[in-house]
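Peer 1: Pasted the sequence and its predicted model underneath.
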Amino acid sequence: MTLSKLSLRNAKRQAQDYLVYFITIILSAALIYAFNGLVDSQEIQRLSQMMESLSIIIVLATIVVVFVIGWLVNYTMRFMLTKRSRELGTYILLGLENKQVIRLFFMENLIIGSLALVIGMVLGNLIFQYLRAILLRMFDAAYSFSFSFSLNVIGLTLIYFVLIYLFALIKGGNRIRRMKIYDLLYFDRQNEDEAVKKSKNRRRMFTASIICGVIGTLMLIMRQLLFGILGAVFIILFLYGFFVSFSSGVPAFFNKRQAKKYAKTNLLVYRSLSSKLTTMGVTMATISLLFTATLISEGTGLLFANQFKRNEALFTSYDLFIASSDTESGFDVYKEYIKDHIPVREEYEYYVYLGDDDNVMGYIQSKEADYTRYYERDTLLGMSDYAALRRMLGWPEVYLEPGCYIVHCMDYLEEAMAEYKEPLMLGGRKLTPYGVYSENFTQFLWDGNGRGYILVVADEVAKAYEPVNKIYAAMTKEPVRGEVFGGLQEIQYAKSVESSSYDSVLSPAAVREDNASLTAMIVFPLFYLALVLTMAAATILTIQLLSDVNRYKKQYGLLYDLGMDRNDMRQALRHQFALFYAMPVLPPLFICIVFMLALGDAFDPGIIVNHIHLWGIIGAALAIFFVIYLIYIAASYTSFRRNVMPE
Amino acid sequence: MLKIDKVEKYYGSKNNVVKAIDCISFNVADSEFIAIMGASGSGKTTLLNCISTIDTVSAGSIILNGENVTEIDERDLARFRREKLGFVFQEYNLLDTLTIEENIGIALTINHADPSRVKGRVCKIAEQLGIEDVLEKFPYQVSGGQKQRAACARATINNQSLILADEPTGALDSKASKNLLEIMVRMNRDMGATILMVTHDAYCASYASRVLFLKDGRLFNELLGIGKQRSGFYHEILDVLALLGGDVSDVI
C-alpha cells in the first residue's frame, strides 16, 4: 500500500468521524463563494453607485471569516492529531520519517479540504443566486435565474482556502515535527491540571471578571466610539476570566453545599462540566466571544434592516414630496420639470402653519423623552387641505366638528395623543380634541406635515397664522426614481445655492433605492459574519463533545453496572448536554440583550414603535441564532445518546 | 444466602455451542468470603457476571436472599444491583471526573439516599478502610491500592448483601495487594460483608475462607480454609492448581 493510498483511506475514515466539521467547512466555502460572488457581479455593482463600497466591506468581512475558519481548521486538526497520535506514532515506530508522516497528514487534510471546497462552491452558487434575487427585488429590478460560474470568484475562494489551510497545516506540521515517538504514543495519557488553582486567586479572578463584564456592557451601551472599543476589551477580559475561573469555582461552590451536591444527578453534571471547563476554559471563552459577536451582528443587522424598512414608509407617504421653507415663491421650476418628465395622477399644494404656543409639543416631550423638537410652536394644518390630502392618499374621509381639532400623528405617539384631552387656544378661540389619526403621513422628517404630529383645525383658524412651510404633494403613475429623480435633486441643489431657503425633495422609490444599498452594505455582511461565526463555534463545541464519546460511554457503562436507574442516566446525560451547550451562550445572551435594548433606544423616535416592536426584533435575532445552534445540538445529541447509553 | 443451582451458560450458534458454565451448583452462607479460582477461560468471570445480573444464564437459577435473580424483570434489575450488590473490578472503574469521596458517595446517590447524610457516611467508611486522607483527591492523584480501597468502600457503603470482586488485586503490586486483601478480610470479619471474589492468584485466594475451583465450566474442587494457617492453606491451593493443570505460569 502506497502512502497516498493510505492517506486517501484515512481521509475517507476521517470524513465519517468529523461529519459535522466537514459540513461546516462546506457551508463556509459556500458562504465565502456566495458573498464574493456579489463583489464580482457586474449586475449587482450597477444597481447603485453605493454598491462599490460593498466590495470593500465584503472583502473585510471575508478576512475575518478566513481567520475564524482558519482557527476552526487548526483546532480540528489538533484534535485529530490528539486522537490519532498513537496511529501516527506507530507509523514513526515502524520506520516512517517524521517528514513522511507530516506529508501523510497533509495529504489527508488536503483531500478533505478540497472535497469540501468543491461541494461548497456548487452550493455557494445557489446561495449566491438567492442573495442576488433578494438584492434585485430590493432594487425593484428584474430577476432571472442564471447558473454561471465566475472564474474570478472561484479563484478568490481558492485563495482564501489556501490561506486557511496553509495557516492550519503549518501549525499542525510543526507539532508533529517536534514530537518524539513517546509523546505521540502516550499523548492521550497527559493529564491537564486546573488552570487557576488557589481558591483565593480563583475567587478574586471570578469577581474581577464579573466586574469587567458589567463595566464592559455599560461602556458598550454608551454609544461612543472610544467607550465602545474599551467596552469590547472589558467584555473580552470578562469572558476569558469568567470561563477560566468558573471551572475552578464550581467545585468550591458545591463543597459548601453538600446536600445539593449529592442530590439527584447534580454530582455527575457539575463534575463533567467542571472537568470540561478545566481543559477547555480558554476555548469556551473564545466560543463565547464568537457568540457575542454573532448575536451583536445579528441584532444590529436586524435593527438596521428595520430602520431601512421603516424609513421607506416614514419618509413620505406621497409618490413625490417637495417642501420649501420659502413660502413666498412657488414650485414653478420643479413643476416645469415634472410636467416634462413625470406623469402625475394627482397633485396638491398646501401650507403648514405655526400656532401660538407649544403646549402639545411640551406634552409629547413629557411622554417621549426622545422626541426632539424642531419648531418652536405647534404645527397646524387646514381642514380642507387635510381632507384633500386624505382623498388623494385614498384614506377614508374624516369629519371635523366645529370648535374642535383633530390630531394626526405617527403611530408611536398615538397612545399618548389619545390620552391628551386639553383644549387648544387659537386666536382667542377654544378648540376641544375630536379625534386622533395615525396613518403614515410624512411626519418623520422635520419639514413634513409637522414633526411627529400635526393639529388639524378649521381653515379660517389655520389661515390666521403665518405659514412655515410650503408643500407640493403628488401621486404619480409610476415610481419616481433614478435619473428622473436626480433631475429634481439638481433643481433643489441649484435653488439652495442661490437662495437662503431650504427645499426637500423625496420619493419613496428613491428612498427605497438608498435603503436597499445600505441594507446590502450593512445587513448582508453582518449576517455573513454571524452565520460563519455561529457555525464555526458550534462545530468546535460539537467536536469537543463527540470526541469524548468513549469516556462518557465508559462512565455510563459503569453507572449501569452499579445499578443506576435508566431514567436517572438519561436525565444526567440530558443535563450534561444542556449545560455544556448553554454555558457559552448565557453571557453573550445577556450582553446582546442589553446592547440591543440600548441600540434600539438610539434610533430616531418612530423607527421603533414600542417595546413590543423592539423585543420582536431582539426575539428575531435570537431566533436566527438559536435555529442554527439547535440544529448542531440536535445532531450531536442524537449521535451522542446512541453511542453513550448502554444497551 | 446465595444459592447457585445447576447454572448453565452457552455461547454461540446451534452448530457450534460453547459451554462457558456447565451445571454449577454451590451455596454461599452469610458473611462468607469465597474465592473462585480457575485458569483463563474456565468460566469464572462468566459466573460472576451471571450472579451480578450483567449477563443472563441459559439454565438454572441463582437465588440471593430468597429472590431468584434470573427471574427479575429487566426494569428492576438496576434497582436490584444498586440495592443488593457491590462491585470491585480489576481496573478500579472509578469515575475519573469525580473525587474519591464522590466516587464512594455516588453509590448512595444512585440509591436516592438523603443527600445531606452522604458525606458523613462516606467519611465513616473511608476511615474504616484507611483512605480518609485522600477523599479530596481525584483517582489519577492516588495510588492503585487507594483506588481499589475506594472501590471497596463504594461496594459496601449501602450495606449491600453481596460484594462481587473480579480480580481485585490484578493491577496492584504485591504490597498493595496484601494491604487490600487484609482490608477485605476485615470487611468480611468486622463488618459482616459477604464477599465473592474471582481470582487466578493462589496467594490472593488464600485469604478466603473457602475456595472453589473451576475447570472448563465445571466445579472441580473445593477447599475450606477455616481454622488453617494461611501459609498451609496457600500450599493446599497450589496443590489443587497443580492437579488442575492449565496455565501454571498464571498461578505462580
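Peer 2: Perfect, thanks for sending it.

Peer 1: how much space is there between A:Ile210 and chain B?
Peer 2: Here A:Ile210 is placed at a distance of 26 Å from chain B (C-beta to the nearest C-beta, to the nearest Å). No exception for glycine: its C-beta is placed from N, CA and C like everyone else's.

Peer 1: Can you get me a residue count around that residue?
Peer 2: The criterion is other C-beta atoms under 10 Å in any protein chain shown. On that basis, A:Ile210 has 14 neighbouring residues.

Peer 1: Does it touch A:Phe242 like I think?
Peer 2: Yes - with contact defined as C-beta atoms under 8 Å, A:Ile210 and A:Phe242 form a contacting pair (7.1 Å).

Peer 1: In the stretch 151-252 of chain B, where is pLDDT below threshold?
Peer 2: Counting by pLDDT under 70, the stretch 151-252 of chain B contains low-confidence residues at B:245-252.

Peer 1: Can you tell me which residues in it are near chain A?
Peer 2: Within the stretch 151-252 of chain B, the positions near chain A by C-beta under 8 Å from any C-beta of the partner chain are B:Arg154.

Peer 1: Relative to chain A, which residue of the stretch 151-252 of chain B is the closest?
Peer 2: Shortest the stretch 151-252 of chain B-to-chain A distance, computed as C-beta to the nearest C-beta: residue-wise this is B:Arg154, at 7.8 Å.

Peer 1: which ones are touching that residue?
Peer 2: Contacts were defined as C-beta atoms under 8 Å, 6 or more residues apart in numbering or on different chains; by that measure B:Arg154 touches A:562, B:86-87, B:94, B:103-104, B:106-107.

Peer 1: Keep only those of those that are in strands.
Peer 2: Among the contacts of B:Arg154, the members found in strands (DSSP state E) are B:86-87.

Peer 1: hey, where'd the strands end up in the stretch 101-250 of chain A?
Peer 2: With DSSP state E, counting those that start in this stretch as the criterion, the stretch 101-250 of chain A has no strands.

Peer 1: Helices of that one, start to end?
Peer 2: With DSSP state H, counting those that start in this stretch as the criterion, the stretch 101-250 of chain A has helices at A:151-178, A:181-185, A:199-220, A:225-255.

Peer 1: Was I right to think A:Ile235 contacts A:Val214?
Peer 2: No - under the contact definition of C-beta under 8 Å, A:Ile235 does not touch A:Val214, with a separation of 10.3 Å.

Peer 1: who has more neighbours, the two?
Peer 2: The residue with the greater number of neighbours, taking A:Ile235 and A:Val214 and applying other C-beta under 10 Å, is A:Ile235; the counts read 26 against 12.

Peer 1: count of neighbours near whatever residue of the stretch 1-150 of chain A ends up closest to chain B?
Peer 2: When scored by C-beta to the nearest C-beta, the stretch 1-150 of chain A has A:Thr82 as its residue closest to chain B, at 16.9 Å. Neighbour count of A:Thr82, defined by other C-beta under 10 Å: 15.

Peer 1: and it, how far is that from A:Arg223?
Peer 2: 45 Å (C-beta to C-beta, to the nearest Å).

Peer 1: Is stretch B:113-122 in proximity to chain A?
Peer 2: Yes - using C-beta under 8 Å from any C-beta, stretch B:113-122 reaches chain A at B:113, B:115-116, B:118-119.

Peer 1: from the contacts of B:Arg154, which ones fall inside helices?
Peer 2: Cross-referencing the contacts of B:Arg154 with the helices (criterion: DSSP state H) gives B:103-104, B:106-107 as the overlap.

Peer 1: in chain B, which spans are helices?
Peer 2: For chain B, helices defined by DSSP H occupy the ranges B:44-51, B:74-84, B:100-110, B:118-128, B:144-156, B:174-190, B:202-205, B:230-244, B:248-251.

Peer 1: among the ones you listed, which is nearest A:Met383?
Peer 2: With C-beta to C-beta as the measure, helix B:100-110 is the member of the helices of chain B nearest A:Met383 (79.1 Å).

Peer 1: for that closest one, packing partners?
Peer 2: Packing contacts for helix B:100-110, counted by 3 or more C-beta pairs under 8 Å, 6 or more residues apart in numbering or on different chains; DSSP states H and E, involve helix A:266-315, helix B:118-128, helix B:144-156.

Peer 1: and the angle for that helix with helix B:144-156?
Peer 2: Using axes from the mean of the first three to the mean of the last three C-alpha atoms, to 10 degrees, the inter-axis angle of helix B:100-110 relative to helix B:144-156 is 20 degrees.

Peer 1: Please export the C-alpha coordinates of helix B:100-110 as PDB.
Peer 2: Only the C-alpha atoms of helix B:100-110 are listed here, as PDB (Å, rounded to 0.1, in the frame of the first residue of the first chain):
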ATOM      1  CA  ILE B 100     -12.600   9.700  45.800                       C
ATOM      2  CA  GLU B 101     -15.200  11.000  48.200                       C
ATOM      3  CA  GLU B 102     -17.700  11.500  45.400                       C
ATOM      4  CA  ASN B 103     -16.900   8.100  43.800                       C
ATOM      5  CA  ILE B 104     -17.900   6.500  47.100                       C
ATOM      6  CA  GLY B 105     -20.800   8.700  47.600                       C
ATOM      7  CA  ILE B 106     -22.300   8.100  44.200                       C
ATOM      8  CA  ALA B 107     -23.400   4.700  45.300                       C
ATOM      9  CA  LEU B 108     -25.700   6.400  47.700                       C
ATOM     10  CA  THR B 109     -26.800   9.000  45.200                       C
ATOM     11  CA  ILE B 110     -27.800   6.300  42.800                       C
END
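
Peer 1: Show me the domain layout of chain A.
Peer 2: Partitioning chain A according to automatic domain parsing yields domains covering residues A:1-190, A:317-506.

Peer 1: The first one: how far from the chain's middle?
Peer 2: Pointing back at domain A:1-190 there. Domain A:1-190 has its average C-alpha position 24 Å from the chain's average C-alpha position, going by C-alpha atoms, centre = their mean, to the nearest Å.

Peer 1: Could you do the last one as well?
Peer 2: Here domain A:317-506 is found 35 Å from its chain centre; the criterion is C-alpha atoms, centre = their mean.

Peer 1: model confidence over that domain, on average?
Peer 2: In this model, domain A:317-506 has a mean pLDDT of 87.

Peer 1: and that domain, how far apart are its ends?
Peer 2: When the termini of domain A:317-506 are compared using C-alpha to C-alpha, to the nearest Å, they are 10 Å apart.

Peer 1: Quick check: closest non-adjacent residue to A:Pro396.
Peer 2: A:Arg390 (7.5 Å; C-beta to C-beta, 6 or more residues apart in numbering or on different chains).

Peer 1: what does A:Gln544 give?
Peer 2: Once its chain neighbours are removed from consideration, A:Gln544 has its nearest residue in A:Met280; the separation is 6.2 Å (C-beta to C-beta, 6+ apart).
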